[in-house]
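>>> heads up, no residue letters with this:
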């Protein structure tokens, strides 16, 4: 360090001749603040001059000043006179040094040190800056914080996620309540013991010949007949669907031989259930009745379905006009498609097949993403279906959901059709043309149906 760069508190002594190199003696050079030693024992020096220097300043290590064992003297550029203490005098402690620390080094005979009580007055001096930096406490480390601007976005995301979870849970419950609360109930089941598996009897009724009921379910009245009768069963994980022609010749309890749909006219759903159980030998667990007018609302709610027919039709009774092939049908067209039979070469058998096609297409459309993920369509379907359905007093929305899944499974496995038929025009008892089931094949057919082992080739095969 050059002489002109020395701080004001460190001017070179005037009584000493400057060194040729203009260097400051080590005792006046800027030093870092030294830690005062707590050792109070008298050090030993091999150099007599250093020992004498220590003895001269030993009064600073007296017992009345235990906290300052270092040697200190006042010094400034004006000498040792009292007037020289008026300004810029500092104290720098010198700790007792061991013999090994100064081995091989030249030590001045007399070293006047600066007291360590105060820092240099000049705040711009290197000593003050270094010492102040060391004396400043290090602030404790803090964990990184997320900027405040990001917090609202996170809150919005959490709220949106919470609302979505609530909606996903609450919406199905709302639909279930909507359907279950609007279902019409009827006493329809018999007292037969329950059997393995689960069986649904599905009846389609058109209580007004012109279909002007608007799709609203009306209470059963004597004389009304069921236009469509299907028996759906699921056992051992296998779903099977059998369409019973409404003109099937059967024994109706209390009424003798007659057409199957006459049982509905005589005794309503309860007598229809008993008659079907007598024909199939299977216990009916659920009864579901759908008005044919509901087809219009349900098909329109899903946006229409694609139906196929391989011949042209222009039927005045059902108002169906059809060009051979597959076409997108709305609700009114689907209803006429399900009711037409006079221009069908297979009569009631062909009509039952077309009704199954409408129900199958409708059930497939219900599970498509455009319908299944659309809450507005779900609400419309729930309202249209619930107001047009009648079920037994023990069934509800849960049983209807399982029925739709079973119906779809049977259609996918091609396990749908009519039981074996021997005659399409069977006349007996003055009831007009009836459908006679095959007396030879029917027993094995119904046994397989009960066990869930039906095969597609066991259904009636049209030639």
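Done, it's in. Keep in mind that what you see is a predicted model, and the values were worked out from it rather than measured. Numbers count the residues shown, from 1 in each chain.

>>> count of neighbours near the closest residue to residue 294 other than its chain neighbours?
Of all residues not flanking residue 294 in the chain, residue 388 sits nearest, at 3.3 Å (C-beta to C-beta, 6 or more residues apart in numbering). C-beta coordinates here come from the backbone N, C-alpha and C atoms, glycine included. A total of 25 residues lie near residue 388 under the criterion other C-beta atoms under 10 Å.

>>> residue contacts, the closest residue to residue 252 other than its chain neighbours?
Leaving aside its sequence neighbours, residue 252 sits nearest to residue 263 (C-beta to C-beta, 6+ apart; 4.6 Å). Contacts for residue 263 were tallied using C-beta atoms under 8 Å, 6 or more residues apart in numbering; they are 250, 252, 255, 271, 272, 274, 275.

>>> Could you do residue 421 as well?
Contacts of residue 421 were listed using C-beta under 8 Å, 6+ apart, and they are 245, 349, 435, 436, 437, 438, 460.

>>> if we go to 7 Å?
Residue 421 makes contacts with 435, 436, 437, 438, 460, as judged by C-beta atoms under 7 Å, 6 or more residues apart in numbering.

>>> do residue 349 as well
Taking C-beta under 7 Å, 6+ apart, one finds 245, 418, 424 in contact with residue 349.

>>> Tell me which other helices or strands the lengthiest helix in the chain touches.
Selection of the longest helix in the chain by residue count, based on DSSP state H, yields helix 151-182. Helix 151-182 sits against helix 375-386, helix 397-412, with contacts defined as 3 or more C-beta pairs under 7 Å, 6 or more residues apart in numbering; DSSP states H and E.

>>> Turn those helices into a markdown table, including mean neighbour count and mean pLDDT.
Shown next, in a markdown table, are the helices and strands packed on helix 151-182 (neighbours: other C-beta atoms under 10 Å; pLDDT from 0 to 100):
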| stretch | mean neighbour count | mean pLDDT |
| --- | --- | --- |
| helix 375-386 | 17 | 80 |
| helix 397-412 | 18 | 88 |
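
>>> Which one of these lies nearest to residue 193?
Counting by C-beta to C-beta, residue 193 lies closest to helix 397-412 out of the helices and strands packed on helix 151-182; the figure is 19.0 Å.

>>> quick one on the thing from earlier: the longest helix of the chain: what's the following helix or strand?
strand 184-186 (DSSP states H and E).

>>> So what are the sheet partners of that next one and their directions?
When sheet partners are counted by DSSP bridges, strand 184-186 sits next to strand 389-392 (parallel).

>>> What lies in contact with the partner strand?
With C-beta under 7 Å, 6+ apart as the test, strand 389-392 has contacts from 183, 184, 185, 186, 188, 189, 217, 286, 287, 288, 289, 290.

>>> switch the cut-off to 6 Å
With contacts defined as C-beta atoms under 6 Å, 6 or more residues apart in numbering, strand 389-392 is touched by 183, 184, 186, 188, 189, 217, 287, 288, 289.

>>> Where does confidence bottom out across those?
The member of the contacts of strand 389-392 with the lowest pLDDT is residue 217, at 45.

>>> which stretches of the protein have low pLDDT?
Scanning the chain for pLDDT under 70 picks out the ranges 1-151, 206-225, 462-463.

>>> Show me where it has its helices.
Applying DSSP H to the chain gives helices spanning 48-56, 126-135, 151-182, 260-280, 294-301, 331-339, 348-366, 369-372, 375-386, 397-412, 442-451.

>>> Could you give the bridge partners of the nearest residue in space to residue 196 that is not next to it in sequence?
Sequence neighbours aside, residue 235 is the residue nearest to residue 196 in space, at 5.9 Å (criterion: C-beta to C-beta, 6+ apart). Beta-bridge partners for residue 235, by DSSP bridges, are residue 238.
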